[in-house]
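S.K.: Compute the structure for the input listed below.
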Amino acid sequence: MQTCVSSFCRVVFASLGVMLGTTGAVWAADLGQAQAPVVEAPFSMPPSWSFHITPYGWLTALNGTETVRGRTVKVHASFVNIVEKSDTLVGLMGNFEARNGRFALYGDLVWSSIGFARNNVRTRAPAPGVTTTVGRALGLDIQMAIAEIGAAYEVARTGSLAFDLLGGARYWYQEADISFEIDRTVGIADLELVGARALARSGAVDWLDPVIGARVRYAVAPGHELFLRGDIGGFGVGSDSSWQAIGGYGFELGTYQGIVFSGVIGYRALSVDYAQGEGRQRYEFDMLQHGPVLGLSARF
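M.R.: Numbers count the residues shown, from 1 in each chain. Below is the predicted model:
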């Protein structure tokens, strides 16, 4: 009897062991599934900022008119003409752009000191109320700064072609001196006499133009890009009108310590028509500046 009971107990416990083992495995499997972390697709992070710094030279020619204290001269000078006369042609020129995805901030600065020889300026009729008391123009000197800031947004992209809209402001600062031969000794009290010359000095003149525009960028190949930009401004807020057109080609030269260097060549034209004052206080700058652009860009 005892032997039978012992045999029965062994069968029961063996069965329970099998059941418990199987159930434990199921529980363990269920528990493992419950504790398994849920893996979600990571959020797409916005692209980081990239920065472009481009010192450049603008080989400028000027065509138009300059009026200082009611005396007007017509200007027609090539880059070579200006270099021959100017002691300091270029002080500082540079462009900056910071881009994050579709959005970009940009800035541009031009400072120059330009001189024009006698054969590049011609005396024009003076402003109303100004008596002609000086002879032909002997020269024109202009110190000028142009600073531009703004933002750009990429509104469309098709393959290698991207289209940006731009908006910002362009600040102008000028000081101009025109020198004349003295024809008469009356009516020149507002001018400064230096030897046999009469100088018309403008003093500091500045204004601010709102600017809107667009830019097209085309990736020819990796590291090679064509670009074309145009804008208009002024609208009577600062100048009566202003426009600019820039076309160029950028090409990578190499990478050094994580900085990508590129060459930039192109052509830039900038026109403005600004005037203030009347009579002997008249100042006017109606000028087209244009010429090749050469630069070296660093991206990081």
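S.K.: For Leu109, give me its contacts.
M.R.: Counting by CB atoms under 8 Å, 6 or more residues apart in numbering, Leu109 touches 92-95, 145-148. All C-beta spots, glycine's among them, are computed from the backbone N, C-alpha and C.
S.K.: so it bridges to which residues?
M.R.: Using DSSP bridges, the beta-bridge partners of Leu109 come out as Gly94, Ala147.
S.K.: Now do it against Tyr274, distance only.
M.R.: 19 Å (CB to CB, to the nearest Å).
S.K.: try Arg280
M.R.: When distance is defined by CB to CB, Arg280 is 18 Å away from Tyr274.
S.K.: okay, these two: which has more neighbours?
M.R.: Between Arg280 and Tyr274, counted using other CB atoms under 10 Å, Tyr274 has the larger neighbour count: 21 against 18.
S.K.: confidence score at that one?
M.R.: Looking at Tyr274, its pLDDT stands at 98.
S.K.: I figured it hits Phe285, correct?
M.R.: Yes - the pair Tyr274 and Phe285 qualifies as a contact (CB atoms under 8 Å) at a distance of 4.9 Å.
S.K.: Show me the strands in the stretch 201-300 of the chain, by range?
M.R.: Using DSSP state E, counting those that start in this stretch, the strands assigned to the stretch 201-300 of the chain run over residues 205-221, 224-233, 241-256, 259-276, 283-299.
S.K.: now for those strands, which one comes closest to Phe116?
M.R.: The minimum distance between Phe116 and the strands of the stretch 201-300 of the chain falls on strand 283-299, with 11.5 Å, by CB to CB.
S.K.: Which residues are in contact with Ala196?
M.R.: Under the criterion of CB under 8 Å, 6+ apart, the neighbours of Ala196 are 181-182.
S.K.: Next one: it from Arg118, what distance?
M.R.: 14 Å.
S.K.: what do you get for His76?
M.R.: The span separating His76 from Arg118 equals 12 Å under the rule CB to CB.
S.K.: Quick check: Cys197 touching Ile178?
M.R.: Careful, residue 197 is Arg and not Cys. No - the criterion here is CB under 8 Å, and Arg197 misses it with Ile178 at 10.0 Å.
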